[in-house]
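Asker: how would this look folded up:
(chains A and B)
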Amino acid sequence: MSAVVGSTPLRQEREWNIGWADVGPFLALLALLLIGFVINPDFLSATNLGNVITRSAFIAIIAVGATFVISSGGLDLSVGSMAAFITGITIMFMNSMAPEWGLAAIPAGMVVAIVVGTACGLMNGLIVTVGKIEPFIATLGTMGIFRALITYMSDGGTIPIDRSLREAYRPVYFGTVAGVPLPILISIAVAAVASFALYKMKYGRKCAAVGANEDVARYSGISIIKTRTIAYAIQGACVAIAAICYVPRLGAATPTTGVLWELQVITAVVIGGTALRGGKGHVWGTVAGAVILELIANLMVLSDFVSEYLVAGVQGVIIIIAMLIQRFSK
Amino acid sequence: MSAVLSFPRERGEPANGDRQEPWPVLRAEEMSKDYGPVTVLSDVSLDVLSGEIHAVIGENGAGKSTFMRLLSGYAEPTAGTLTVAGQQVSFSKPEHAQQAGIVLVHQEILLADGLTVAENLFLGRELMRNGMVDDRAMRRLATEKLTELGCKVSPNALVRNIALADRQLVQIARALLDDYKVVIFDEPTAVLTGDEVERLLGIILQLKEQGAAVLYISHRLDEVQRLADKVSVLRDGRLVGTYPAAGLTQMDMARLMVGRDLAALYPEKRNTVPGEVSLKVNGLSVPGYAKDISFTAAKGEILGFAGMIGAGRTEVFEGIMGLRAANGSVTLNGKPIDIRSPRAAMDAGIGYLTEDRKGKGLLLQERLAPNLTLSSLARFHPGLMMRRGREKAALLDAVDEYDIRLKTLGVKAGQLSGGNQQKLLLAKVLMTTPSLVVIDEPTRGIDIANKAQIYAFIHRLVGEGKTCIVISSEMQELIGICDRILVMREGRITGEVMGDKMTEHEIALLATSDVTTTDRQGGTT
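Answerer: Now for the predicted structure:
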């Protein structure tokens, strides 16, 4: 209806419309914690929760990057293989530098990881934007490439980290600061930087505009190619950060590292409230989503009702329920 | 006129030829529709007689579409009754309305692109034979039906490959496959031009001739005047009245729709001498759409671009804006412009308002402030962080300056009416501080009050020394506001009209016929 009263002064309230997409994931997280407590009081113990959230850190960090890609209307299936590939490269670099540089090989390796990750993401981005290939197909291709490379590099076996570096590198995954495990702090830092970029910087606006309606963005003078390519590069950097945290956990890269992470990552983003077709991204929702996935797995292990072999099935059910809620709360 | 369209008769009705007294085929009594607390239609009663064309007119948002949705089963009335051929009916889905003999010809073309004409005609009601789809019978019937309508497309042609006007006819044929007593046309000529409109109006008159009751929704008052026997006017969801069309002028209709006397729709003609040349386009071609386009526009000038839909007008300016592949030389105020990037064109001072407001102009799911600043983010937010305060202040200014009517600042762009969306889009484009503003279909889908405002804004812009180019399919609009009009046909500029020569006749001639006399040629001055 066009008839809106113009003479009445504008009402200023309700400028913050808070919708399901904003609070839904956190309510779900809360509900899950309550259910967990009812099933097994040990569930809420600091040790258990700390372990669970630490384990969810890899997926959370990668998923924060995926929030950029998905928000801008893209998709990246290669993240799991990319994580394995970066882990392999990093370990190989550190091992070869360790005799000369000693412990300095560790930070150098981290830099290498970030550079390689960003480059991998950039490559994905350019294939999608400049090459104009569907994101699904483009990253399906690079997913195969990265997986093949890590298998080749490890000769089908494992690439273990050098003994001399192992102890010094351990704290990156196992260490704590003021009692909080380091991976959790790193996740929070990554999410904080990401939410700054997405909500406080121009880039976030462009990202959401490109994802919500490519034509409107183009007609507004926003470069689709630049915006989307940057999103993929950010994704690559996030995969690298996750890989850096992952190295000390097993102390090795194998051809099965990061298998099926892409599915968990996409699930985390979607149950976090970001629409898969693009638009506004929800960084903290994504983090909550990653934690929810790990909590469910943990809950199933702690309880005797459902076999833990069904974890992936339950996660599948969760993503479908999340999509249904998004659909019907419109 | 021979009865080529078969109008199904009720049993017991007199055979064709015995002219029967017109009888009310459709009777709506006190029909209302609420959506939650909002009443969009209240107490509308009207009769549609057999053999009558009954036009329903009203501004956008007056309730026309809602009324049609009630009649054709797409929505259920909150109150009121509907009688078809003496029997009270109520529809909970469109199929029920069809069974009762009410068919609706939609405004938009709703056909499956990848299927053939015949497949589309029978989609969802395929003819069967021995448990299999009977393609041959369907093709035969399709050919029959289309020939009746004067449509020559093959039933085997893919809908994707046939002209827009033919698609419209296929859609009408599809509607008329049912047994119908009442045919509703919802803005059927919106996508058609010239001859196509004539052909359609002929078909509608034929339907009337054969005794069908026709409801005709349109905002083109000239068509209504030519076609209708009766005119019902809706305003703010209420029926203002039903009048015999004979005694009604277009001005009367407009007055009834708006509810008050219209101040002059167009601002007074200005008698200014255009200033120095600002835009100069030379030998521009947009592959597949336009060729060899050269023209200039001056500071303080309103230059119109007329032509049929598909003449290439929009594409020329999308080419200049770098939104489409194009080559040629474009200079603005003496500086050459890189026509490969929209950003470069904007930074050079060209602003372009797309004709597709909802699809390409605004983020409908976003709030107003992000929409307003989307083209000028760098200007609003220098440095790392966004300045939301600045943005909000700009929005308040824009709401004030362009008279954007809204309930709260927190609404989303999609919740604004068409007219207010257009004003927001105008404000958004002007945020880039252009010296040339190109407005494509400035008043499409906008009600009369907002139209007048948009025209006033355009005048104000050129008053400030900007150049304004208006692309429009409404010739009256161009004549009403432009200083000079260039006419395009099939990707070329076929002529220029100004002064006394700015008449619909002259423009239509240039837009449709092959003749391009030398004195009209070009547009390069």
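Asker: Could you pull up the residues touching the most centrally placed residue in chain A?
Answerer: The centre of chain A sits closest to A:Ala63, judged by CA atoms, centre = their mean, with a distance of 1.4 Å. Residues near A:Ala63 by CB atoms under 8 Å, 6 or more residues apart in numbering or on different chains: A:264-265, A:268-269, A:272, A:286-287, A:289-290. For glycine as for every other residue, the C-beta is placed from the backbone atoms N, C-alpha and C.
Asker: any idea how far the closest residue to B:Val89 other than its chain neighbours is from B:Thr83?
Answerer: Nearest non-adjacent residue to B:Val89, counting by CB to CB, 6 or more residues apart in numbering or on different chains: B:Ala100, 5.0 Å away. Separation of B:Ala100 from B:Thr83 (CB to CB, to the nearest Å): 10 Å.
Asker: Of these two, which one has the most company?
Answerer: B:Ala100 (24 against 16; other CB atoms under 10 Å in any protein chain shown).
Asker: Identify the residues contacting the more buried one.
Answerer: B:84, B:87, B:89, B:91, B:181.
Asker: Now B:Ile404: phi and psi?
Answerer: phi -80, psi 120 (degrees, to the nearest 10).
Asker: residues in contact with it?
Answerer: B:Ile404 touches B:368, B:398, B:416, B:420, B:423-424, B:427, counting by CB under 8 Å, 6+ apart.
Asker: Scan the residues you listed and report the most crowded one.
Answerer: Counting by other CB under 10 Å, top hit in these: B:Leu368 with 28 neighbours.
Asker: Confirm for me that it is in contact with B:Leu425.
Answerer: No - between B:Leu368 and B:Leu425 there is no contact under CB atoms under 8 Å: 11.1 Å.
Asker: one step back: quickly name whichever of the contacts of B:Ile404 is closest to A:Ala322.
Answerer: Distances from A:Ala322 to these, taken as CB to CB, are shortest for B:Leu368 (29.3 Å).
Asker: Name all residues that make contact with that closest one.
Answerer: So B:Leu368 contacts B:395, B:399, B:404, B:406, B:409, B:411-413, B:416, B:424 (CB under 8 Å, 6+ apart).
Asker: can you give me phi and psi for the residue of the stretch 151-300 of chain B found nearest chain A?
Answerer: Taking CB to the nearest CB as the measure, the stretch 151-300 of chain B has B:Asp236 as its residue closest to chain A, at 6.3 Å. Here is the backbone geometry of B:Asp236 (degrees, to the nearest 10): phi 50, psi 40.
Asker: from memory it sits against B:Ala62, does it?
Answerer: Yes - with contact defined as CB under 8 Å, B:Asp236 reaches B:Ala62; the gap is 6.5 Å.
Asker: These two: which has the busier surroundings?
Answerer: B:Ala62 (27 against 18).
Asker: Give the full set of residues in contact with the more buried one.
Answerer: Per CB under 8 Å, 6+ apart, neighbours of B:Ala62: B:234-237, B:257.
Asker: ok so it is a helix residue?
Answerer: No - B:Ala62: not assigned to a helix; according to DSSP: H, G, I helix; E, B strand; the rest coil it is coil.
Asker: Can you say which helix or strand has the nearest residue to A:Leu44 once chain neighbours are set aside in it?
Answerer: In space, and not counting its chain neighbours, A:Leu44 is closest to A:Phe37: 4.9 Å by CB to CB, 6+ apart. Counting by DSSP states H and E, the element that carries A:Phe37 is helix A:20-39.
Asker: following that helix, which helix or strand comes up?
Answerer: helix A:46-71.
Asker: Rounded mean pLDDT for that following helix, please.
Answerer: Per-residue pLDDT values across helix A:46-71 average out to 93.
Asker: got the buried residues for it?
Answerer: Of the residues in helix A:46-71, A:48-49, A:52-71 count as buried by neighbour count, 16 or more other CB atoms under 10 Å in any protein chain shown.
Asker: what's the angle from it to helix A:20-39?
Answerer: 160 degrees (axes from the mean of the first three to the mean of the last three CA atoms, to 10 degrees).
Asker: On the C-terminal side of helix A:46-71, identify the next helix or strand.
Answerer: According to DSSP H and E, the helix or strand after helix A:46-71 is helix A:79-101.
Asker: Show me how the record splits chain B into domains.
Answerer: B:24-101+B:180-258, B:113-178, B:277-512 (automatic domain parsing).
Asker: Between the two ends of the first one, what distance do you get?
Answerer: So the one you mean is domain B:24-101+B:180-258. Domain B:24-101+B:180-258 has an end-to-end distance of 29 Å (criterion: CA to CA, to the nearest Å).
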